[in-house]
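Chemist: Give me a 3D structure for the following:
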Amino acid sequence: MQNTGIGNVSGAIPTINGGAVQNVAVMANSANEPLDAVLDGLEAAVYVADAHNGEILFANRAFQALHGFDAVGQILREWVVPLPERGDYRVDPRGVEAPDAPCELFDGELLQPRTGHWYHVKEQAVRWVDGRIVRLGIATDITSRKKTAETTRRQEERIAHTARLITMGEMASTLAHELNQPLSAIANYCNGCIARMQAGASMEELLPAMRKAAAQAERAGKVIARIRAFVKKSEPRRRATPVAAILEEALALIEIDARRRGIRLSVEIAPGLPDVHADQIMIEQVLLNLARNGLDAMRDTPEDERMLTVRARMGGKRFVEIAVLDRGHGIDEEDLEQLFKPFFTTRDEGMGMGLPICRSIIEFHDGCLTARPEPEGGIIFIFTLPIEETTCEWSGEQNNA
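Modeler: Sure, this is the predicted structure:
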């Protein structure tokens, strides 16, 4: 049994709250035909079972359609609608006493592996007409909603991957120049070694040049490896990731572009930051996009004032905050409100999709991305990432942006 635990199921069963569950229990006990008709009219499967032996005391039409119209009187067990495992319950139903009722037993999403259907299952312990404690359960099929969410997620993945390819395409000339330098150096060192070998140079005399050629080859290899990792199509995999590792890989590509434009790069990383729960490539994509926006914004900034700052520090006990700050022309309030809307751009050659994609990525990571103008000029983008769950809460001094 696959159990996603308690998640965001807002809207799945809009009327099923604590009071409504009690009302359903009263309705289930009633011999009033109109009330029975109300329960039978629900799309959700409703059942009532003895908390101790699991005997089904009531089942509405939707439950009977799934489990058989002779379900009442049988023992409740997982047939079509999935049931929580014993360890998934907040409270063991068998141990609930009358004074404790009503109380919530379970609220979450469950997969029925035999049918492949997903259900939002909610169970509460309530008192039955004869005074005994029963399990009142309501199960709503949310398979179509889960499929829609999965389709949307895959489309967003494809869009993000396309955006990475476009980014690399835009940086092609810069990356070609960056690769040309070590390749030219390798060619020069090798030609020099050939000439010296022909002149009878000893191995000891050739070693320094060969070591330099190897170092340049390693430099070129790292650039290519970073590009390949960045554009590689893969499923998002959130895992414990050091913040420094994310910044190192992203800044290695940013630095190439910044150096070509004559822009200084400042990196500030608070000591002792915990790992974040993130997909490294996706966060690198966000950083690269925000940084390139900052570099573009400083085209008309005097050379001695051109600086891009990337800062990482705690943004509370459960989040790491990463900021990208430029000293460009800034942005007015009217444009700031539209900054994250699709197809809005302040650049003539821009498509207006970079920032919306960045925000989607950060929200996928349970963080948030915001922007604000800086008083001394420029704009600062700030996004947060949750720290890895296995990491203890950070107890250091808190900083605010």
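
Chemist: where exactly do the helices run in the stretch 301-401 of the chain?
Modeler: Applying DSSP state H, counting those that start in this stretch to the stretch 301-401 of the chain gives helices spanning 333-338, 354-364.

Chemist: closest one to Leu288 among those?
Modeler: Nearest to Leu288 among those is helix 354-364 (9.7 Å), distances taken as CB to CB. Placement of C-beta: from N, CA and C, glycine included.

Chemist: Buried residues, that closest one. List them.
Modeler: Gly354, Leu355, Pro356, Ile357, Cys358, Arg359, Ser360, Ile361, Ile362, Phe364 (16 or more other CB atoms under 10 Å).

Chemist: got those residues as JSON lines, with distance to Arg114 and pLDDT columns?
Modeler: Formatted as JSON lines, these follow (distance: CB to CB, whole Å; pLDDT from 0 to 100):
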{"residue": "Gly354", "distance to Arg114": "44", "pLDDT": "72"}
{"residue": "Leu355", "distance to Arg114": "44", "pLDDT": "81"}
{"residue": "Pro356", "distance to Arg114": "40", "pLDDT": "82"}
{"residue": "Ile357", "distance to Arg114": "38", "pLDDT": "80"}
{"residue": "Cys358", "distance to Arg114": "41", "pLDDT": "84"}
{"residue": "Arg359", "distance to Arg114": "39", "pLDDT": "85"}
{"residue": "Ser360", "distance to Arg114": "34", "pLDDT": "83"}
{"residue": "Ile361", "distance to Arg114": "35", "pLDDT": "85"}
{"residue": "Ile362", "distance to Arg114": "37", "pLDDT": "89"}
{"residue": "Phe364", "distance to Arg114": "30", "pLDDT": "84"}
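
Chemist: Can I get these in TSV including distance to Val310?
Modeler: TSV is the format used below for those (distance: CB to CB, whole Å):
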residue	distance to Val310
Gly354	17
Leu355	17
Pro356	21
Ile357	19
Cys358	15
Arg359	18
Ser360	21
Ile361	17
Ile362	15
Phe364	21
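
Chemist: Between these, which sits nearest Arg318?
Modeler: Ile362 (14.9 Å).

Chemist: excluding its backbone neighbours, what's nearest the closest one?
Modeler: Nearest residue to Ile362, sequence neighbours excluded (CB to CB, 6 or more residues apart in numbering): Leu369, at 4.4 Å.

Chemist: Go ahead and confirm the one you found touches Ser360.
Modeler: No. With contact defined as CB atoms under 8 Å, Leu369 does not count as touching Ser360 (9.2 Å).

Chemist: can you map out the strands along the stretch 101-250 of the chain?
Modeler: Taking DSSP state E, counting those that start in this stretch as the test, the strands found in the stretch 101-250 of the chain are 103-112, 117-127, 133-141, 239-241.

Chemist: Between those, which one is closest to Ala65.
Modeler: Per CB to CB, nearest to Ala65 of these: strand 133-141, 11.4 Å.

Chemist: how big is the angle separating that closest one from strand 117-127?
Modeler: Counting by axes from the mean of the first three to the mean of the last three CA atoms, to 10 degrees, strand 133-141 points 160 degrees away from the direction of strand 117-127.

Chemist: from the chain's centre, how far out does strand 133-141 sit?
Modeler: 31 Å (CA atoms, centre = their mean, to the nearest Å).

Chemist: And this structure, what are its domain boundaries?
Modeler: 13-141, 154-235, 237-401 (automatic domain parsing).

Chemist: Now distance to Thr148 too, for those, in CSV please.
Modeler: Shown next, in CSV, are the domains of the chain (distance: least, CB to CB, whole Å):
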stretch, distance to Thr148
domain 13-141, 11
domain 154-235, 11
domain 237-401, 16
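
Chemist: would JSON lines of the helices of the stretch 301-401 of the chain with distance to Gln280 be doable?
Modeler: Shown next, in JSON lines, are those (distance: least, CB to CB, whole Å):
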{"stretch": "helix 333-338", "distance to Gln280": "29"}
{"stretch": "helix 354-364", "distance to Gln280": "12"}
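
Chemist: For the stretch 251-400 of the chain, give me the ranges with low pLDDT.
Modeler: Scanning the stretch 251-400 of the chain for pLDDT under 70 picks out 342-353, 390-400.

Chemist: How about the stretch 1-150 of the chain?
Modeler: In the stretch 1-150 of the chain, residues with pLDDT under 70: 1-36, 78-80.

Chemist: Recalculate using a threshold of 50.
Modeler: Counting by pLDDT under 50, the stretch 1-150 of the chain shows low-confidence ranges at 1-23, 25-31.
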